[in-house]
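Chemist: A structural model of the following input is requested.
(chains A and B)
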Amino acid sequence: MPDEISWYESFWTYLQFTWQDLAKLALDHAIVVIISVLLSTIIGVALGVLTYRTERPRELTLAVTGTLLTIPSLALFTLLIQLPLLGLGAGSVILALTMYGLLPIVRNTIVGLREVEPAVVESAQGMGMSRGKRLWSIELPLAWPVVLTGVRVSTLLLIGIAAIGAYINGPGLGDEIFSGLAQIGSATALNQVLSGTLGVIVLAILFDLVYVAIFRFTIPKGIR
Amino acid sequence: MTDSAGTIEIRLEDLSKRFPGQKEPAVESLSMEIPKGEIVILVGPSGCGKTTTMKMINRIIEPTSGRIFLDGEDVTKVNPDHLRRRIGYVIQQIGLFPHQTIAENIATVPKMLDWDKKKIADRVEELLEMVGMDPGQYRDRYPKELSGGQRQRVGVARAMSADPDVMLMDEPFGAIDPITRDRLQNEFLRLQEDIKKTIIFVTHDIDEAIKMGDRIAILKERSQIAQFDTPERILVNPADDFVADFIGRGASLKRLSLSRVRDVELHQWPTAQEGASPDEVRRVLDASDKSAVLLLDSQQRPLRWVNADHLGRADGGHELSKLGLPAEAVVQPNATLSDTLNEMITARYSTAIVVDADRAYQGIVDIDTINETVRTMREAERGRLRPEQTADEEDGQ
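Modeler: Numbering: from 1, shown residues only, chains lettered A, B, ... in the order given. Next up, the predicted model:
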């Protein structure tokens, strides 16, 4: 078969024809991940702040968020679409991703807050700083690098899991992968799976670059 | 007791603290009066409750029972955050905020008190200068860019930012190397002469207590007061075996850190000018009972010790100012006798040379001077104590 083209030539041609669709899928993917990470961060930091000083609630929170992460994603997606109001689509995917994203953020919030030097907190207290102000202007800024690392880990985790959301009609690059898998053996199957997977990887790298910038701009100079 | 409000800054009344899950209270019904403008040291073995006692004053630790009066006002139940803004607080680890600049750190309390920006900036400047740090150089630095001693100064400046009448200091010089500590202690004492704060100072080091304290409270377990008195009286007349044990053997030696060179009568040593001829110097030497002459330069500054041997060589044509042995162990009038003794021990002729601020020769301190001083101090204290003791004896009869 002399006119048979190699797989990468075929893939290249495929990309040339579909890159606009792929970019759209990647954008949807990114949006779902961003929304989920934001929700995870709000809930996770709040849980961490509420529980870091008392042992029982702290252990309980870590156990629950840890357990969430062990549920296989396909199973969780399937369970969530049974819920009223959500059903198939982005809503269920975002809820599941938010649940998966909690553990790294909660854990790092707790660790970060507990690692703040006790003398710093005590001197703040000794100068008459209220509990809330202490938390907001001393403890959280000092714990921020650790919290942010948790958010970053969560983001990478969710970019991967979000691809599986396509199984319940979620938006994103998973769509491309799943439709490829559904027609294994056909001419475009490999191209679709490959472009979806590469898209996820490129997205992860882009997000990580954004985090480098966020670290640079949000961590106070004195603790960098 | 409004009558005591004028001279008593802090009054503790029957103060107790029992931590949950502990059989013994950490502090048991402590009553104490702390006079305005004095440094009161709480000192005692570790675990005696001295830190707990101090932290109850700004209610970092809430007392289980008892009352705290600040300048006559009962503050046991007032808003603790408002109370703390009126009390400076310095701890051993200092606890500067690492993510804030030195200026921001110092401005913490003034900001909470809503001072305007200009007033805060001026105050920061004033405080940095007060603790001997150039505002232009340090204002915008971060704590990690400072040495331990500098951080400690900023800690003190921050505690004084809103000009509180009372300062609590928990082993403030504890984590600093001995040489820097000594310097910071001296600086702080000099500062206190101007600012006259009421200071509660916790330490486990009796030497620091003697050096820094106007009054010392020696505490036993459960913060029971073994003795509360001036350093002099504690050293001369320890109330019981516990106190005697705690101040340890060298009590007489420790008293030496209470007197300064300017308080004692200086002795004189034979001197000669650096330009003098060997014969002139020899005459001075022969006329004295000492074995050397102290050579001074034209501004009366001590140069060298010259003895008969050196004079012999000077006859051979050598210059006197190049012969002899360097005049070491030079002290100024504000040096403590204990530092002076330290210099003396290693010095030639067991003598410390006293100079004034321009480094001009004033006289010398030798072992006899020290010995005399210790004896007179002891007798003076005994004399002051005697009337009371006589009264006690009469009661007994």
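Chemist: quick one, helices of chain A?
Modeler: Assigned helices in chain A, in chain order: A:7-51, A:55-70, A:73-80, A:90-114, A:118-126, A:131-134, A:140-164, A:174-182, A:189-218 (criterion: DSSP state H).
Chemist: low-scoring stretches of chain A, by residue?
Modeler: Across chain A, residues meeting the criterion (pLDDT under 70) sit at A:1-4.
Chemist: return the residues of it in contact with chain B.
Modeler: Applying C-beta under 8 Å from any C-beta of the partner chain, we find that chain A lies next to chain B at A:117, A:119-130, A:133, A:138, A:141-142, A:220-223. All C-beta spots, glycine's among them, are computed from the backbone N, C-alpha and C.
Chemist: put the alpha carbons of stretch B:114-128 into PDB.
Modeler: Extracted C-alpha coordinates of stretch B:114-128, given in PDB (Å, rounded to 0.1, in the frame of the first residue of the first chain):
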ATOM      1  CA  ASP B 114      -7.400  54.600  63.700                       C
ATOM      2  CA  TRP B 115      -4.600  57.100  63.900                       C
ATOM      3  CA  ASP B 116      -4.200  59.100  60.600                       C
ATOM      4  CA  LYS B 117      -1.500  58.200  58.200                       C
ATOM      5  CA  LYS B 118       0.800  61.100  58.900                       C
ATOM      6  CA  LYS B 119       0.700  60.600  62.600                       C
ATOM      7  CA  ILE B 120       1.500  56.800  62.100                       C
ATOM      8  CA  ALA B 121       4.400  57.500  59.800                       C
ATOM      9  CA  ASP B 122       5.900  60.100  62.200                       C
ATOM     10  CA  ARG B 123       5.500  57.700  65.100                       C
ATOM     11  CA  VAL B 124       7.200  54.900  63.200                       C
ATOM     12  CA  GLU B 125      10.100  57.200  62.400                       C
ATOM     13  CA  GLU B 126      10.400  58.300  66.000                       C
ATOM     14  CA  LEU B 127      10.300  54.800  67.400                       C
ATOM     15  CA  LEU B 128      12.900  53.500  65.000                       C
END
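Chemist: avg pLDDT for it?
Modeler: The average of the pLDDT scores along stretch B:114-128 is 96.
Chemist: what about that stretch, near chain A?
Modeler: No. For stretch B:114-128, no contact with chain A is found by C-beta under 8 Å from any C-beta; the gap never falls below 12.9 Å.
Chemist: which residues are contacting that stretch?
Modeler: For stretch B:114-128, the external contacting residues (C-beta atoms under 8 Å, 6 or more residues apart in numbering or on different chains) are B:102-103, B:106-107, B:110-111, B:134-135, B:138-139, B:154, B:157-158, B:160-161.
Chemist: wait, which of those is closest to chain A?
Modeler: Closest approach to chain A among those (C-beta to the nearest C-beta): B:R158, at 7.6 Å.
Chemist: hang on, the closest one in a helix?
Modeler: Yes. Counting by DSSP: H, G, I helix; E, B strand; the rest coil, B:R158 is found in a helix.
Chemist: got the contact list for the residue nearest to it when sequence neighbours are not counted?
Modeler: Spatial nearest neighbour of B:R158, excluding adjacent residues (C-beta to C-beta, 6 or more residues apart in numbering or on different chains): B:I106 at 4.8 Å. Going by C-beta under 8 Å, 6+ apart, B:I106 touches B:123-124, B:127-128, B:154, B:157-158, B:161.
Chemist: now a PyMOL select for only the buried ones of the residues of chain A next to chain B.
Modeler: Here is the PyMOL selection string for the buried members of these, based on 16 or more other C-beta atoms under 10 Å in any protein chain shown:
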select buried, chain A and resi 120+121+122+123+124+125+126+127+128+129+138+141+142+220+222+223
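Chemist: looking at neighbours, which among the contacts of B:I106 is most surrounded?
Modeler: Across the contacts of B:I106, neighbour numbers were computed from other C-beta atoms under 10 Å in any protein chain shown; B:R158 holds the maximum, 28 neighbours.
Chemist: for B:L15, what is the enclosing helix or strand?
Modeler: Assigned by DSSP states H and E, B:L15 falls within strand B:8-17.
Chemist: buried ones in that strand, by neighbour count?
Modeler: B:8-13, B:15-17.
Chemist: columns distance to chain A and pLDDT on top of those, output as a markdown table?
Modeler: Formatted as a markdown table, the buried residues of strand B:8-17 follow (distance: C-beta to the nearest C-beta, whole Å; pLDDT from 0 to 100):
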| residue | distance to chain A | pLDDT |
| --- | --- | --- |
| B:I8 | 23 | 85 |
| B:E9 | 18 | 90 |
| B:I10 | 16 | 95 |
| B:R11 | 21 | 95 |
| B:L12 | 18 | 95 |
| B:E13 | 22 | 94 |
| B:L15 | 18 | 95 |
| B:S16 | 22 | 95 |
| B:K17 | 17 | 95 |
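Chemist: now for A:Y14, how many residues are close by?
Modeler: A:Y14: 18 neighbours (other C-beta under 10 Å).
Chemist: quick one, what contacts it?
Modeler: A:188, A:191-192, A:195.
Chemist: dump the residues you listed to a markdown table, plus neighbour count.
Modeler: Compiled in a markdown table, the contacts of A:Y14 are given as follows (neighbours: other C-beta atoms under 10 Å in any protein chain shown):
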| residue | neighbour count |
| --- | --- |
| A:T188 | 15 |
| A:N191 | 21 |
| A:Q192 | 23 |
| A:S195 | 23 |
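Chemist: between the residues you listed, which is closest to chain B?
Modeler: Using C-beta to the nearest C-beta, the contacts of A:Y14 come closest to chain B at A:S195, 44.2 Å.
Chemist: ok, back up a step: biggest separation within the contacts of A:Y14, which pair?
Modeler: A:T188 and A:S195 (9.7 Å; C-beta to C-beta).
Chemist: how close does the residue nearest the centre of chain B get to chain A?
Modeler: Using C-alpha atoms, centre = their mean, the residue of chain B that lies closest to the mean C-alpha position is B:M212, 3.1 Å off. With the distance defined as C-beta to the nearest C-beta, to the nearest Å, B:M212 ends up 20 Å from chain A.
Chemist: still on that earlier bit, now, the contacts of B:I106 that are in helices?
Modeler: Short answer: the contacts of B:I106 in helices (DSSP H) are B:123-124, B:127-128, B:154, B:157-158.
Chemist: so what's the closest residue to B:A292 other than its chain neighbours up against?
Modeler: Once flanking residues are discounted, B:A292 sits nearest to B:N307: 4.2 Å by C-beta to C-beta, 6+ apart. By C-beta under 8 Å, 6+ apart, the residues touching B:N307 are B:285, B:291-293, B:324.
Chemist: filter those down to the buried ones, ChimeraX style.
Modeler: Buried residues among the contacts of B:N307 (16+ other C-beta under 10 Å), as a ChimeraX selection:
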select /B:285,292,293,324
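Chemist: how about B:G275, secondary structure?
Modeler: Secondary structure for B:G275, judged by three-state DSSP, is coil.
Chemist: residue contacts, it?
Modeler: By C-beta under 8 Å, 6+ apart, the contact list for B:G275 reads B:S298.
Chemist: look up how far B:D81 lies from it.
Modeler: From B:G275 across to B:D81, the span is 70 Å (C-beta to C-beta, to the nearest Å).
Chemist: same question, B:I370
Modeler: 51 Å.
Chemist: looking only at neighbour counts, state which of these two leads.
Modeler: B:I370 (21 against 17).
Chemist: help me confirm that that one comes into contact with B:L256.
Modeler: Yes. Between B:I370 and B:L256 a contact is recorded at 6.9 Å, counting by C-beta atoms under 8 Å.
Chemist: which residues are in contact with both of these two?
Modeler: With C-beta under 8 Å, 6+ apart, B:I370 and B:L256 have common neighbours B:337, B:341.
Chemist: most tightly packed of the helices of chain A?
Modeler: helix A:90-114 (a mean of 23; mean count of other C-beta atoms under 10 Å in any protein chain shown).
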